[in-house]
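Give me a model of this one.
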Amino acid sequence: MTPRLSPGLMISAPASGTGKTMLMLGLLTALRRRGMAVQPFKSGPDYIDPGFHRAASGRASFNLDAWAMEPARLIAHATAQPPADLVLAEGSMGLFDGVATKGETGIGSSAEIAQMMGWPVLLVLDVGGQAQSAAATARGFATLRPNLPFAGVVLNRVASARHDRLIRAGMDEAGIRVLGSLPRRGDIVLPERHLGLVQAEETADLQAILDEAGAFVAAHCDLDAIIAAAASRALPETPRPRALTPPGGRIALARDAAFSFVYPHVLEAWRQAGATILPFSPLDDQGPDDSADCCWLPGGYPELHAPRLAASAGFRSAMHRFAETRPVHGECGGYMALGAGLVDAEGTRHQMLGLLRLETSYARRRMHLGYRRAEPFAALPGLGRAALRGHEFHYASITLQPDAPLARVTDATGAEMPETGSHRVTSGGGQITGTFFHLIAPAAT
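Just a heads-up that it's a prediction; the model follows:
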């Protein structure tokens, strides 16, 4: 059977910081109020935005990544969701932005996802400081790739009715549809942190923010025209992608404000494979469920909770007992927590679990950002030694990484990275592994 998609739109922009997320959340909220079932997606490697999408839409949001996922996996993710009246996908960075070297499908741009799925682009334009000239930007985005469907623009940060008229005059001349015009205002704000937005579950008064965003977008956008502009295309039949095998049948998953960066599609793949996920909170001094056969420490913000983690003696002792005979894996923040110590931004060292000898520091703050391909030297739970694709984004520096390297890790250009991850086997046969990159999918190529 040929897979089919509900009609959809790609919410994108010329650059980051132009209002994509606020428009996305406002549309999801406004359309949900109309009684529509709207399926959200996020283009690119982002583990924070999908939580906001879920809060606004009432449906799980999943990542679609053109660098890390092959076409079969992208199509499988896009078509596996429950039927919806409309699909809205939020882009990352600018519409055509990605890396220099192609991965599984492309360079990781939102344009590649929109073109593959047949979702017309709804471009958010920050028109502050310009008038008719905004049409030149819009026309360039609309015509750069003739086979990329283009729905129109939503103007953001419009200063006045006169400003709006001037911009619309330019758009009319360029043949660009204006589907919304959002006045300049600063009171609908989502709090931010150094890796992006503060997580949905940590955002105070989130529902009030969503309600306000929905009312704002409904008042200043032509919702009927936006719905009518949505489209999709018939997708080719593809072979079933390689399964994202769960690391165990019963997975103890650290889950709280310090450990929450997990791609939703990864958890969904584990559940679909029959795994049971057993959450526990290290911040509440909890350890992994003893019935679990593996433990996974996701990324998050251990640096913001380092004193509390250091004082969690119950968590530490439970993790040592568990790791003696069973596999434990940590990603990014989870990797740092597995280490011996973490130095915070003020230069204070905090004791971590000590299951690895890794030492990390935020006193030597430097951004590490980009796609990663890993070829494991040691078998990972559930994944073996298959090559993996993922993404790295953190500000920590490694000051000591003395354990055996976990994998040969390269960036999107093929350059080797010093952040190889770590691997250690306990005296009882337990395997401890950790890496700074977040797994997205097994590599097809």
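
can you pull the contacts of Ala407?
Residues counted as contacts of Ala407 (Cβ atoms under 8 Å, 6 or more residues apart in numbering) are 374-378, 388, 420-421, 435. Where C-beta positions appear, they are placed from N, C-alpha and C, glycine not excepted.

Tell me the one among the residues you listed nearest to Leu244.
Nearest to Leu244, judged by Cβ to Cβ, of the contacts of Ala407 is Leu388 at 9.8 Å.

Pull the number of nearby residues for the closest residue in space to the closest one that isn't next to it in sequence.
Closest residue in space to Leu388, ignoring its immediate chain neighbours: Ala374 at 4.7 Å, by Cβ to Cβ, 6 or more residues apart in numbering. Ala374 has 24 neighbouring residues, counting by other Cβ atoms under 10 Å.

mean confidence score for the helix or strand hosting Ala374?
Applying DSSP states H and E as the criterion places Ala374 in strand 368-376. Mean pLDDT, computed over strand 368-376, is 96.

That one: which residues count as buried?
Residues of strand 368-376 classed as buried: 368, 370-374, 376 (neighbour count, 16 or more other Cβ atoms under 10 Å).

ok, residues contacting that strand?
Contacts for strand 368-376 (Cβ under 8 Å, 6+ apart): 45, 67-68, 99, 103, 108, 383-396, 406-412, 417, 419, 421, 435-437, 443.

any weak-confidence spans in the chain?
Scanning the chain with the threshold set as pLDDT under 70 gives 1-3, 186-198, 200-204.

quick check: domain ranges of it?
According to automatic domain parsing, the chain comprises the domains 8-229, 250-442.

Kindly check the end-to-end length of the longest one for me.
Looking back up the chat, that one is domain 8-229. 8 Å (Cα to Cα, to the nearest Å).

Got the phi and psi for Thr399?
With angles defined as degrees, to the nearest 10, Thr399 sits at phi -100, psi -20.

okay but it is in contact with Arg357, surely?
No. Applying Cβ atoms under 8 Å, one finds Thr399 not in contact with Arg357, separated by 11.1 Å.

elements contacting the following helix or strand past the strand holding Ala374?
Later in the chain than strand 368-376, the nearest helix or strand by DSSP H and E is strand 388-394. Here strand 388-394 touches strand 368-376, strand 438-442, going by 3 or more Cβ pairs under 8 Å, 6 or more residues apart in numbering; DSSP states H and E.

change it to 10 Å
Packing partners of strand 388-394 (3 or more Cβ pairs under 10 Å, 6 or more residues apart in numbering; DSSP states H and E): helix 333-338, strand 368-376, strand 407-410, strand 431-435, strand 438-442.

Can I get these in a markdown table including distance to Gly51?
Putting the helices and strands packed on strand 388-394 into a markdown table (distance: least, Cβ to Cβ, whole Å) gives the following:
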| stretch | distance to Gly51 |
| --- | --- |
| helix 333-338 | 16 |
| strand 368-376 | 20 |
| strand 407-410 | 27 |
| strand 431-435 | 23 |
| strand 438-442 | 15 |
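
Compare those and give me the one nearest Ala15.
So among the helices and strands packed on strand 388-394, strand 368-376 is nearest, using Cβ to Cβ, at 16.1 Å.

Let's see the strand holding Ala374 as CSV, backbone CA atoms only.
The C-alpha coordinates for strand 368-376 follow below in CSV (Å, rounded to 0.1, in the frame of the first residue of the first chain):
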residue,chain,number,x,y,z
HIS,A,368,29.8,21.8,21.1
LEU,A,369,27.1,21.6,18.3
GLY,A,370,26.6,19.4,15.3
TYR,A,371,25.6,16.1,13.8
ARG,A,372,27.6,13.0,14.8
ARG,A,373,28.2,9.6,13.3
ALA,A,374,29.5,6.9,15.7
GLU,A,375,31.1,3.6,15.0
PRO,A,376,31.1,1.8,18.3
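
in its sheet, what does that strand sit against?
Applying DSSP bridges, strand 368-376 is found paired with strand 388-394 (antiparallel), strand 407-410 (antiparallel).

can you redo these as CSV with distance to Ala252?
Putting the strands paired with strand 368-376 into CSV (distance: least, Cβ to Cβ, whole Å) gives the following:
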stretch, distance to Ala252
strand 388-394, 21
strand 407-410, 23
